[in-house]
Structures are given as structure tokens and as C-alpha cells.
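1. would you be able to build a 3D model of this:
(one chain, ligands or ions: 1)
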Amino acid sequence: MIRPFDAIVIGAGQAGPSLAGRLTAAGMKVALVERKLFGGTCVNTGCMPTKTLVASAYAAHLARRAAEYGVAIDAPIGIDMKRIKSRADIVSANARTNIETWLRGMDGLTVIEGHARFEGPDSIRVGDELLKAPRIFINVGGRASIPDMPGVGTVEVLTNTSILKLDSVPRHLIVVGGSYIGLEFAQMYRRFGAQVTVIEKGPRLIAREDEDVSEAVRDILAAEGIAVRTNAACIGFKPHAEGVAVDVDCTSGEPSVAGSHVLLAVGRRPNTDDLGLDKAGVKVDARGYVAVDEALATNVPGIWALGDCNGRGAFTHTAYNDYEIVAANLLDGAARRVSDRIPGYALYVDPPLGRVGMSETEALKTGRKLLVSKRPMTRVGRAIEKDETKGFIKIIADADTKQILGAAILGTGGDEAIHGVVNMMNAGADYPTLQWAVPIHPTVSELIPTVLGDLKPVG
Ligand SMILES: Cc1cc2nc3c(=O)[nH]c(=O)nc-3n(C[C@H](O)[C@H](O)[C@H](O)COP(=O)(O)OP(=O)(O)OC[C@H]3O[C@@H](n4cnc5c(N)ncnc54)[C@H](O)[C@@H]3O)c2cc1C
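-> Predicted structure coming up:
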């Protein structure tokens, strides 16, 4: 039996549910198909549980530093990993339930649980059911990539999903991959009491950031006792009496690190390999991301791809913005484009890194005349008062147009303070506009106009 709809949404991640809300409100009969957990990666195995764990790790860290603030804790700091895990589980479960309840109560929406596969450009099979619609929206997200590294099949490797099931602290966690996901887990588990080694094949951590940002993050982690091995050219795995041994380097240093657990955090891959895209004629790129245009339409009329699976963003806010673009173009007669988006994101180590726009390296490559200003957090009153003075604020501007090109705030409150710059860039305001502002004291944000006042030519 064929079930006709006006639209089908595949995936209840960060774009699909809101899109279903707009489409049904516009009077369409919509089917939403979810194969696993409502809320997708962010809610279940990404942002929400990890940031909840980061908060527990911060509490442990601050408790250990209590004496520095004149606060006496007369017993050793204990870690109740079961309680920590349960806190994260509850935060995820509540969000998941809220999304599912909202969707199931949505007028005009049919929620179907199961794995969706295309059977043609307007038809989707879910188990025994064949659904048809003139509009199909793919929001299938991605998963941890497990590349075919030597020996990877001979040991148990954890991913961002399976590590969340641990309810005890590993003796020695080896994190393979020195980028955003790996570093968040590395620092939190160190704070929970594990010995932690980060292994990165490149010459530095978080390679897409400027070198000064990379170095400062490495120093922050090293100061907490996290071992960092970069330039690990020949990473391989083998069983070991302790659990697992990871080969690190063919040329220098200890050639192998033994640990009790290993987390593989070396990238993500889109969930497009088992979606029947070939039957619909939808094109993907060499890495499996669905090819889309500026309006997130695929090469097949009537099919769009939103969120991580289109390779145009890798964040919850970019997935959500994809929904806003598609909905506005389809329902409001707008002409929004994905390239109008100013990229911003945060790395939730502590202190966090807030980022927007270009890095200094990227800006230099554009050949523009640049102005750059940098201020260490040791010269930010709020950071001094909190005794959290690691990191710096850096802002990059175009010397000719006076537009801000990008910024990095690595420091206490950096994930929030960066929005002072995010908002300016989105408003298209030039940097002198902010010189008249009267920011609130004492905050990290209050230094943004001061930093802008110190912009100097570079390059
Ligand atoms: C450890 C970790 C931490 C993160 N932290 C942050 C953060 O702090 N901030 C941030 O912005 N981003 C963060 N992210 C990234 C963020 O989680 C993703 O960018 C976001 O979830 C992408 O949303 P999406 O809607 O594209 O896909 P997803 O959220 O992955 O949702 C896709 C949904 O589609 C379903 N699905 C897939 N295939 C099918 C099919 N064939 N049939 C039916 N259903 C299907 C899946 O089950 C899933 O529910 C993190 C990611 C990880 C892994």
C-alpha cells in the first residue's frame, strides 16, 4: 500500500522536527521518519550529554582548587561516575522525550519509526510501508568514522556514543584524534581522575585553528597532566595486558602507549551509505555528503538535504539554520543562501574557545590588509577575579573596510562573550561602531571594544 504525503522528513535531528512544524503549520500532510532516538546526535550522543559531563568535570576541577579561593574542603574530592553518568542520561532523556512528545502531538504529522530508504525520487520505504511525496527532506546526520587503521579490529575502540555508557573512570584513556570531540573527552576524563593521553597524527592539536590558539589549548591540557603526542605518523592498535596498546610514532618518542581504554575521535561520516540515494538519483560527493546548492536543494528537484549530512556545517546551530533557510525559501518566498551564514562555533574545553569567522591564517590567505589585536586573559578583570586567566582574546579586521573578519576568545566565558563579535558581524557593523558602546563591568565582553581599539597592522 502506498501512503501519500505532501512532504516526508527523514530524521528527527536538529532540522527535521522544526521543519515538520513549519510544513504542517502551512497545512501540509507530513511524514517524519526516525530510525532510532528522537533528537538525533546532539540530544543523545553529542552536545547535550557531553556538555553535561563537562559541567561535572568543571565542578570537580573547581572543588580541587577550592583552597585557592579560601574555601576549605576537608576531604579528598570523590568522583561518583555512576551519578555523573546518570545526570547526563537524564538531561538527554528529558530533551528526547520533549521532542518526541511534541512531534507525536503535532497536527498533520505522522511519525513513523524505522529506517527510511529511497525507492525513487518521490518514494521512501520504511519496512513494509511505501511513502510518497513531492517534497523529501533528508536530515540523516552522521556518525563517528572508524577508519581502517592497522589493528583497529583487534581491540575494542570507544566512540562518542559508546564512551557515554561508561559508568566507571578508565584507568588510562587514550584519545586518538586531537580535535574538538577528542579534546572535550580528554579533559573531562582527566578531571574525573583518569590518566589521559591524546594522540594526534598532525603536528598540532585542532589544526584548523591558528597556531597560537592550538598552542594555548595544548598548554591548558598539559598543565592538567594530559599527555599530548603529536606527529603520530603510524597509529595502530593491538591488544595489551592493560587493555590496548596504541602505536604512536614510527620515528621518535615512545613507540607505543598502553592504556585501559581507547576513544577514536578522528572524524565523522554522513549517514548516507544506506539511504538508497542512488535509486533517487541524488548525488553525493567523494566522502558521501549529499551535494546541495546554496538553497540546500539536491540535484533532484523536490529533494533537499539539511544538517550534517550535506557537509555544509557540522553543528547543531548550522543544522537548525539549514531548516530556517529551507523553510523561509519554501514557505515565505525568501531567497536565503547557506553562504550568507557567518560561521561560529565553540570548543568546550575549559576555559572554552569561542570562534567566529576567519582565523588569522585564513584571513591572511585572502590577501587583504589586516588589522589584528590580541589581549591575554591575564589582563581581563573578570578573569582575574575568577582566577581563571588562561587564554586570550584575538580579533581580526579588514584595514580597508573596517569590517571584523573573525575572532577567537579562548578564556573563561569565551563561548558566551564571542557573541558580541558574532552579533556585530551579522549586523554588518564596522568595528569603530563598537567604540561608543558602554559594556557592563566586570565581564569578559567589556574588553571587546578595548581589543578593537588596539588593532594593529600585520602581514
Ligand atoms: C560528541 C559530540 C559533541 C558535539 N557537541 C556539539 C556542540 O557542543 N555544539 C554543536 O553545535 N554541535 C555539537 N555536535 C554536533 C551536533 O551534534 C551535530 O552537528 C547535530 O546533531 C547535527 O544535526 P543533524 O540534524 O544534522 O543530525 P543528527 O542530529 O545526527 O540527526 C539525524 C537523525 O536522523 C536519523 N536517521 C539517520 N538515518 C536515518 C534513516 N535512514 N532513516 C530514519 N532516520 C534516520 C538518526 O537516527 C538521527 O536521529 C557534537 C557532536 C558530537 C558527536
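2. residues of the chain that sit close to the ligand?
-> Within the chain, the residues that sit near the ligand (C-beta under 6 Å from any ligand atom) are 10-15, 33-37, 40-42, 45-47, 50-51, 115-116, 139-141, 160, 181, 271, 275, 307-308, 314-317, 319, 348. Where you see a C-beta, it was placed from the backbone N, CA and C, and this is true even at glycine.
3. and the residues you listed, which are buried?
-> Buried residues within the residues of the chain next to the ligand, counting neighbours by 16 or more other C-beta atoms under 10 Å: 10-15, 33-35, 37, 40-42, 45-47, 50-51, 115-116, 139-141, 160, 181, 271, 275, 307-308, 315-317, 319, 348.
4. just the ones of the residues you listed in helices?
-> Assigned to helices by DSSP state H, the following of these qualify: 40, 41, 42, 47, 50, 51, 181, 316, 317, 319.
5. and those as CSV, adding pLDDT and distance to residue 451?
-> CSV is the format used below for those (pLDDT from 0 to 100; distance: C-beta to C-beta, whole Å):
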residue, pLDDT, distance to residue 451
40, 98, 37
41, 98, 34
42, 98, 31
47, 98, 28
50, 98, 30
51, 98, 27
181, 97, 29
316, 98, 28
317, 98, 24
319, 98, 31
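6. export the residues you listed to JSON lines and tack on distance to residue 393?
-> Converted to JSON lines, these look like this (distance: C-beta to C-beta, whole Å):
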{"residue": "40", "distance to residue 393": "33"}
{"residue": "41", "distance to residue 393": "30"}
{"residue": "42", "distance to residue 393": "28"}
{"residue": "47", "distance to residue 393": "24"}
{"residue": "50", "distance to residue 393": "25"}
{"residue": "51", "distance to residue 393": "22"}
{"residue": "181", "distance to residue 393": "25"}
{"residue": "316", "distance to residue 393": "25"}
{"residue": "317", "distance to residue 393": "22"}
{"residue": "319", "distance to residue 393": "28"}
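7. which one of those is nearest the ligand?
-> Closest approach to the ligand among these (C-beta to the nearest ligand atom): residue 40, at 2.4 Å.
8. the strands in the stretch 251-400 of the chain, which residues?
-> Using DSSP state E, counting those that start in this stretch, the strands of the stretch 251-400 of the chain run over 256-259, 261-264, 268-270, 303-305, 344-347, 353-357, 370-376, 392-398.
9. ranking those strands by burial, who's on top?
-> strand 303-305 (a mean of 27; mean count of other C-beta atoms under 10 Å).
10. what does that strand rub up against?
-> With contact meaning C-beta atoms under 8 Å, 6 or more residues apart in numbering, strand 303-305 is reached by 121, 135-139, 280, 282, 290, 292, 295-298, 326.
11. in helices only, show me the residues you listed.
-> If you go by DSSP H, the contacts of strand 303-305 have 280, 326 in helices.
12. can you lay out the strands of the stretch 251-400 of the chain as JSON lines showing mean pLDDT?
-> Output for the strands of the stretch 251-400 of the chain, formatted as JSON lines (pLDDT from 0 to 100):
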{"stretch": "strand 256-259", "mean pLDDT": "95"}
{"stretch": "strand 261-264", "mean pLDDT": "98"}
{"stretch": "strand 268-270", "mean pLDDT": "97"}
{"stretch": "strand 303-305", "mean pLDDT": "98"}
{"stretch": "strand 344-347", "mean pLDDT": "98"}
{"stretch": "strand 353-357", "mean pLDDT": "98"}
{"stretch": "strand 370-376", "mean pLDDT": "98"}
{"stretch": "strand 392-398", "mean pLDDT": "98"}
